[in-house]
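> Return atomic coordinates for the entry below.
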Amino acid sequence: MTALPTRSYFLASARLGFGTWSWDDLPLAMGLWGDPDVTRLTGGPFTAAQVRERLAKEIHNLEQHGIQYWPLFARETGEHVGCCGIQPRDAANGVCELGFQLRRAWWGRGLARDAAQVVIAHAFTQCSVRALFAGHHPSNGASRRLLGNLGFQYTHDELYAPSGQLEPCYLLTAKQAGLE
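From the prediction side, this is the model:
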């Protein structure tokens, strides 16, 4: 776990601060997306080149759309916890995809839920999102339960190319999230 001395957050919960990815964060990205435990259900483990490509995508999404899967930090210590955010899914219809990944040391503490709640509120109130899409590996029961608890409704199964799995997919509207 890498602690950063000072970092500004543009979003926060009681326990988490949301930053933005930059090229200076490559070591953090490697620690997250280069970890086989974190990425085993999302097509990993990923090579250093693939992690750099992923970081480039996040930086591009911020520059072009003002959104990304933002890096998360423990507010108390500054340690990098993982990422949570949105990315374009169906821009013409105002649909973004919600995603989150946590470093293994932070699993089981309710932080994915904390982060997702902040991102959902931000997406519907600040980003003009009309609906949020999310999916998960079929064997990831924790993600399935979390999406259900957040109000996401199952819509269909879809092939997720990086893992080669047919994954359950969900949708959440502002009304379902109680934000309309």
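> From the chain's centroid, how far away is the longest helix along the chain?
Assignment by DSSP state H gives helix 48-65 as the longest helix of the chain. Chain-centre distance of helix 48-65: 13 Å, with CA atoms, centre = their mean, to the nearest Å.
> Could you give me the buried positions within the helix or strand that that helix is followed by?
Sequence order places strand 69-74 as the next helix or strand after helix 48-65, per DSSP states H and E. Buried residues in strand 69-74, counting neighbours by 16 or more other CB atoms under 10 Å, are found at 69-74. Every residue, glycine included, has its C-beta placed from N, CA and C.
> that older thread, dump the longest helix of the chain to CSV, restricted to CA.
The C-alpha trace of helix 48-65 is given here as CSV (Å, rounded to 0.1, in the frame of the first residue of the first chain):
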residue,chain,number,x,y,z
ALA,A,48,2.9,-3.5,-17.4
ALA,A,49,2.0,-2.4,-20.9
GLN,A,50,-1.7,-3.2,-20.4
VAL,A,51,-1.7,-1.3,-17.1
ARG,A,52,-0.1,1.8,-18.9
GLU,A,53,-2.8,1.4,-21.6
ARG,A,54,-5.5,1.3,-18.9
LEU,A,55,-4.1,4.4,-17.2
ALA,A,56,-4.0,6.2,-20.6
LYS,A,57,-7.7,5.4,-21.1
GLU,A,58,-8.6,6.8,-17.7
ILE,A,59,-6.6,10.0,-18.4
HIS,A,60,-8.2,10.3,-21.8
ASN,A,61,-11.7,9.8,-20.3
LEU,A,62,-11.1,12.7,-17.9
GLU,A,63,-9.7,15.0,-20.6
GLN,A,64,-12.5,14.2,-23.1
HIS,A,65,-15.5,13.5,-20.8
